[in-house]
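Asks: Give me coordinates for this.
(chains A, B and C)
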Amino acid sequence: MTFVFWSVALLLVAGPIGALVSRRAAAEFAYRACVSAALVLGAVPAVRVLAGGSVASRTLATPMPGGPWVFGLDALSALFLLIALGVGTAAAWFGVAYLHRGVTARAARTSHFFLSTLLAAVAALVVARAAVPFLIAWELMALASYGAIVLDHGQAGVRRAGLLYLAATHTGTLLLFVLFAAWGAGAPDLTFAALGGRTLDPAARAIVLGAALIAFGFKAGVVPLHFWLPEAHSAAPSHISAVMSGVVIKMGIYGLLRVSLLMGALPAWWGWALLALGGVSGVLGVVWALAQHDLKRLLAFHSVENIGIILLGIGVGALGVAYGHPAVAALGFAGAALHTMNHALFKSLLFLGAGSVVHATGTRELERMGGLARRMPVTALTFLIGSAAIVGLPPLNGFVSEWLIARSMFGAGLSASPARVAVLGVGVLGLIGALALACFAKVFGAVFLGRPRDASVVVAGESAAGITRPMAVLAAACVAVGLLPGVVTPPVLRAGALVAGHANPVVPAAASDPAAMAATWFTLGLGGALLLLWGVVRSGWARTPWAAATTWGCGYGLPTARMQYTASSFAAPLLGAYRGMTGVRVVRTDASLATHVADPVLDAVVTPGWNRLQEAARRIRPLHRGRLSIYLMYVVAALLAMLTYLMLAGRGA
Amino acid sequence: MTGHTDWRALVAVAMVLLIAPAIPGIATKTKSVLTGRRGAPVLQGYRDLAKLVRKGRVYSDVSTWVFRAGPVVVVASLVLALLMLPLDGRSAPLHFAGDVVAFAGALALGRFALVLSGLDTGSSFEGMGASREVTIASFAEPVLFLCFAALVLATGHLSLNGAVGPAIGAAWPRDTASLVLVALALFVLLLAENARVPVDDPATHLELTMVHEVIVLDHSGPDLALVLYGSALKLTLFAALLVCVVVPRAALRAWTAPVAVAAGVAVVAVLVGVVESAMARLRLTRVPQLIVGAGALALFGIILLLR
Amino acid sequence: MQTTAELLLLLVVLTDLAVLGSSRLRTCIRAVAAQGLLLGLLPVALASRYTVHVVALSAGTVVVKAVVLPLFLLWAIREAAVRREVEPLVGYIASLLLGAAAVAAGFAIATRLPVPDVAEPVLVPVALATVMIGLIVLTTRRKALTQVVGYLMLENGIYLFGLTQTESVPFLLEVGVLLDIFAGVFIMGIVVFHINREFDSLDSSHLTELRD
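Replies: This is a model prediction of the structure:
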């Protein structure tokens, strides 16, 4: 645990150091060194725990509010700690190079401060084992990420997105208070051990689990609580979007898994609810993403989709617990945990790639891009790897986790309990995968392939090494996890078994190594076949002559960039087919085509609700007199009312 | 690749790889005969490939390495999927629990490569074809997953190695109705995924009506040969999957089982030809209806298995 | 899944789905005719002994449901010169998915229903599914003729329920049911004809013009 404490401490000082050191290069060096050292310090115990070892938990010696402050590191915490620090470090390195242009040194320093504070908060959050430090870290995370999002606070849109985020996250926090209050009522203190030791009656359990679903659902961006997510992700600088998507929203998933672990006996409705929410988030997220033509908003909607896939895994896991199938439960939770990690890797990679593209072109509009693969080869290759990974194509990491989740669904299907209906989830998984493929074919095609669509967008060339290197590292991680499922699967199964409530967290026999090893062979075989065929083609046919020409236009010899298929027209038939389900509109005129997506939750629920709240607030405005004595009178009146209530309640009892 | 792989399984795979170019030929020949024409010889596919391999290539000045890698990835992914089928009825060269997901994943990988190589040319024809391909696939892929779910439930095996291998024989008498429904759904998928009538007409060369043919308009020479071989192999792969479901081969001898598969694949090709000469191509907006109908069949099959 | 009766019942579900998925009016009517034929064969397949009762019921059902009513509907199409498309209010894909959900619901509910003495476990779920799909067709299709098709399917579902009790239900009652459908469809046919003459179309939404 000492290592983790030092890691958090280093992250906390990483930001302020920048303010103390005056030379920019030195300050940036110190910042990067601190974050990297924090990664190493955090990774050592995390890897040890994931490999099957254990780390003793620690309690702060001084008496603290809300009972003892306990910190511990189990397989679940270790996995999320690794995700947070790994993605965070890549984003921090990227951010230093990224903020060299376009913002002042002072603004860049502020951004670095918020990012490292955010990472410290996340690291503290995942090791917290008591309600009060958990809540403090949670709030620190929310505030630091708000500060990081609103870097461009000169723009009204960014301020609006930040405000929306703040409102959403605080609504979630409010429900966390409800959760801990309902759970901790009657417990000796608010440590997780004490909470987990309680057996709740079904009503109290329903309150706790319901509050957890909403509170963590807000953070994770589950439909219908996702409305803040696309706004905040597209308003933030790209490396902050990467951390938001890869780390911050994952804390919602961490919360759901932690609550599942502590609760132990999960009711079946919780599993079905998670499964349904996961399916809805997954399908709607990807269809809404298809309708976007702002690169970063599109990626943000894909976070909603992937959170849906993760929830499908957690849902099957919870059903496995509820109906007593430990192997299914462990596989489901493990699939969810691995997909969380994989999504952190490839989504942050994609956001960094988007940052590189936006940096180079100065626009986020897909319809104005095109042909960047020639100008920015490294960005193109890494973005392609990220795209293939997020679609779940073998042999990359996204496939491994979707394979685990599908296996848990098949396992549930073969059981004799009502959980077998969950096997229909594989159809949803297939639908999400195929739609994601369509969406990333659209993105990669529109951004990197073809010709530049807008002559006014001038691209100088590939981004600086400081920008491309973190992307290359993340891409390599995606490939490595994909090629070595036998290495990655046992640790996440350990985490999954832990959540599934095996007293001794061992890997269930049903999911032991052979399958994973065979999967390794499978992926290596694919890689080998690809290389082999590539080699054959290169050596055997390189001698045959080839000629360059314009693209075949069926007889028309002067194709222009304006004649290419646009991203919107690519997506139009799909959106047309799914319009009834998702409320996406395709607008055609004789000469143009556009797709529109209205956010039903934001437009139909949140905005009117907010307006009504303001209306109500205006009604009580007359209470404000602006005179101190009147306010004091209010305080006295409130106190008197409270005392009267207590007296009456006491007499009743 | 668990070490127990029978080398005869590999021979069966090699045989399917060899006969693949003839399979679309059989479908075309059937269609020609039924519509009163003589038609191209069944082995025309091999001649086309031989001709194309010797030809030179033309690359558009717009396209990049993505375009050149496309055909290779398409063929490699299909070979990989083929390696997961237990053609001899005993074991597949590659298998592990949950490899049904990998089968679908390999197909998706090939599709991704093909679609991107089409988009790489910057032509609106290819863009249109790519858009249609992913639209149709978005309906077909969930149906494929549902078919696999039904097979898994019927046999209790998470691997194609068992689910369409030795275990399918015992499942037929028990779950006849479900398996018939799955076979029907798989046949519709075969038509949809391989761009056959009623989803697409491989015989038309009117660019605006095509799906698969239009994506590869810009490919030439050996690249086109790979693409053509890939589409023949994909048809053969789906036919082989269908045959593996319909014909339990565990009781057959080690040598007769692959031959039975080959004969079955030819029969499926004849069926495709019959469908093509009996039906007209559907309007593009009607295609999802057809595939969702197949999905309803597979879903009904699963419901029967779950009750 | 071995008995002939089960096979027939599964085919009944397929005809249900065919009605939902087809866009041609004639195909819908043919599917309902096929369903009528299947229903006619069912009493024979379910019966342990071939009594006069069973054979008469079977023959009557085939004649009425598979021959007379479909021919009448096809005649109505020809005479009223109806357009051949179905024109649904809810899309085909959505109705197919609704239909699949109805089948699932049928199987889920059937196990919880206190149905006594079921000779054939698939019978009640299929009956429920057919009734529900009949309701879906009845409510989501615009044309009066398709609504007649939906009404027929609804009736078919009820007939399937009746089959659970073939041994105890008197013969006369069943004849009564058949006559009832016959009369019902006949009346609807006449109504359809008159809608057509008054409004020059068979779109039942025009009927809303009749309110005050």
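Asks: Check what pLDDT A:A637 gets.
Replies: A:A637 carries a pLDDT score of 89 in this model.
Asks: helix/strand/coil for it?
Replies: Under DSSP: H, G, I helix; E, B strand; the rest coil, A:A637 falls in the helix class.
Asks: Tell me, how many residues neighbour it?
Replies: By other CB atoms under 10 Å in any protein chain shown, the residues close to A:A637 number 10. In short, each C-beta sits where N, CA and C put it, glycine included.
Asks: List the contacts of it.
Replies: By CB atoms under 8 Å, 6 or more residues apart in numbering or on different chains, no residues touch A:A637.
Asks: Tell me how far it lies from chain B.
Replies: Here the criterion is CB to the nearest CB, to the nearest Å. By it, A:A637 lies 62 Å from chain B.
Asks: before we move on, what about A:V584?
Replies: The gap separating A:V584 from chain B is 14 Å, by CB to the nearest CB.
Asks: For residue 88, give me its contacts.
Replies: The chain I'm using is chain A. Shown in contact with A:G88 (CB under 8 Å, 6+ apart): A:35, A:39, A:115, A:118-119, A:122, A:243, A:247.
Asks: if you could check chain C rather than the one you did, that'd help
Replies: C:95, C:140-142, C:146.
Asks: partners of it in the sheet?
Replies: Beta-bridge pairing for C:P88 (DSSP bridges): C:R141.
Asks: Just to be sure, B:L94 is in a helix?
Replies: No. In this structure, B:L94 is coil, not part of a helix, as judged by three-state DSSP.
Asks: wait, doesn't it sit right on A:F522?
Replies: Yes. Look at B:L94 against A:F522 with CB atoms under 8 Å: they come within range, at 5.6 Å.
Asks: For chain C, which segments count as helices?
Replies: C:4-21, C:25-46, C:52-61, C:69-80, C:92-110, C:123-140, C:144-163, C:171-199 (DSSP state H).
Asks: Just the buried residues of the fifth one, please?
Replies: Translated: helix C:92-110. C:92-100, C:102-104, C:106-108, C:110 (16 or more other CB atoms under 10 Å in any protein chain shown).
Asks: repeat for stretch A:31-50
Replies: Within stretch A:31-50, the residues scored as buried using 16+ other CB under 10 Å are A:31-32, A:34-39, A:41-43, A:45-46, A:49-50.
Asks: could you dump that stretch to CSV, C-alpha only?
Replies: These are the backbone C-alpha positions of stretch A:31-50, laid out as CSV (Å, rounded to 0.1, in the frame of the first residue of the first chain):
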residue,chain,number,x,y,z
TYR,A,31,5.6,17.0,-14.6
ARG,A,32,6.2,14.1,-16.9
ALA,A,33,8.7,12.5,-14.6
CYS,A,34,6.3,12.7,-11.6
VAL,A,35,3.4,11.1,-13.5
SER,A,36,5.6,8.4,-15.0
ALA,A,37,7.1,7.6,-11.6
ALA,A,38,3.6,7.5,-10.2
LEU,A,39,2.7,4.9,-12.8
VAL,A,40,5.6,2.7,-11.9
LEU,A,41,4.9,3.0,-8.2
GLY,A,42,1.3,2.2,-8.7
ALA,A,43,1.9,-0.6,-11.2
VAL,A,44,4.3,-2.6,-9.0
PRO,A,45,1.7,-3.6,-6.3
ALA,A,46,-1.1,-3.7,-8.8
VAL,A,47,0.7,-6.3,-11.0
ARG,A,48,1.6,-8.2,-7.9
VAL,A,49,-2.0,-8.4,-6.8
LEU,A,50,-3.3,-9.3,-10.3
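Asks: Kindly state the pLDDT recorded for the residue of the stretch 1-150 of chain B found nearest chain A?
Replies: Closest contact between the stretch 1-150 of chain B and chain A, by CB to the nearest CB, is at B:G127 (2.4 Å). B:G127 is assigned 90 on the pLDDT scale.
Asks: swap in B:E207?
Replies: Reported pLDDT for B:E207: 60.
Asks: Might you report the residue contacts of the residue lying farthest from the centre of chain B?
Replies: Distance from the C-alpha centroid of chain B, by CA atoms, centre = their mean, peaks at B:D61 (32.1 Å). Going by CB under 8 Å, 6+ apart, B:D61 touches A:548-551.
Asks: and the two most separated of the residues you listed?
Replies: A:A548 and A:T551 (10.8 Å; CB to CB).
Asks: ok, these two, which is more surrounded?
Replies: Legend: neighbour count by other CB under 10 Å for A:A548 and A:T551, higher for A:T551 (25 against 10).
Asks: so that one touches B:V58, yeah?
Replies: No. Between A:T551 and B:V58 there is no contact under CB under 8 Å: 10.1 Å.
Asks: And for whichever residue of the stretch 1-150 of chain B sits closest to chain C, nearest residue in space, chain neighbours not counted?
Replies: Here the residue of the stretch 1-150 of chain B nearest chain C is B:F139; by CB to the nearest CB that distance is 8.5 Å. Nearest residue to B:F139, sequence neighbours excluded (CB to CB, 6 or more residues apart in numbering or on different chains): B:I291, at 4.1 Å.
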